[in-house]
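Colleague: Have a look; sequence and predicted model below, questions after that.
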Amino acid sequence: MKTKAQDILPGELLLALQEYVQGESIYIPKRGGRKKWGVKSGNRAYYEQRNQRIKHLFQEGMTIEELADTFCLSIETIKKIVYTRN
């Protein structure tokens, strides 16, 4: 929802902003910063668990090719997962 600056900002702040931005839209993010990718949707946790499982299976002796087939990922992607330190 768009809100007019003159409806919510004090006059002197509005004048100060107009020195930098005139007739343009600006985005003011919420306090607290941005969340990392996938935190809100749960995708980040899903991929972290999947990657931990891949590392565990690799340590138990499953080959990179077998892991690629099992998880439908490329060999290069499996290598990135198993050889990353996290």
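Modeller: Received the coordinates, thanks.

Colleague: Residues in contact with whatever helix or strand residue 66 lives in: which ones?
Modeller: For residue 66, the element it lies in under DSSP states H and E is helix 64-71. Residues from elsewhere that reach helix 64-71 (Cβ atoms under 8 Å, 6 or more residues apart in numbering): 50, 54, 57-58, 62, 73-75, 77-79, 82. No exception for glycine: its C-beta is placed from N, CA and C like everyone else's.

Colleague: how about 7 Å then?
Modeller: 54, 57-58, 74-75, 78-79, 82 (Cβ atoms under 7 Å, 6 or more residues apart in numbering).

Colleague: Spatially, which two of these are the most separated?
Modeller: 57 and 74 (16.4 Å; Cβ to Cβ).

Colleague: Those two: which is more packed in?
Modeller: More crowded of residue 57 and residue 74, by other Cβ atoms under 10 Å: residue 57, with 16 against 10.

Colleague: The more buried one - nearest residue in space that isn't next to it in sequence?
Modeller: Leaving aside its sequence neighbours, residue 57 sits nearest to residue 67 (Cβ to Cβ, 6 or more residues apart in numbering; 6.2 Å).

Colleague: Strands - which of the contacts of helix 64-71 land there?
Modeller: Among the contacts of helix 64-71, no residue falls in strands (DSSP state E).

Colleague: on that earlier part again, give me the buried positions along the helix holding residue 66.
Modeller: Of all the residues in helix 64-71, those buried under the rule 16 or more other Cβ atoms under 10 Å are 64, 67-68, 71.

Colleague: Quick one: mean pLDDT for that helix?
Modeller: Averaging pLDDT along helix 64-71 yields 98.

Colleague: next one: stretch 75-85
Modeller: 96.

Colleague: buried sites along that stretch?
Modeller: Applying 16+ other Cβ under 10 Å to stretch 75-85 flags 77-78, 81-82 as buried.

Colleague: Out of those residues, which comes closest to residue 30?
Modeller: Distances from residue 30 to the buried residues of stretch 75-85, taken by Cβ to Cβ, are shortest for residue 81, at 33.2 Å.

Colleague: which regions of this structure sit below the pLDDT cut-off?
Modeller: For the chain, the stretches with pLDDT under 70 are 1, 86.
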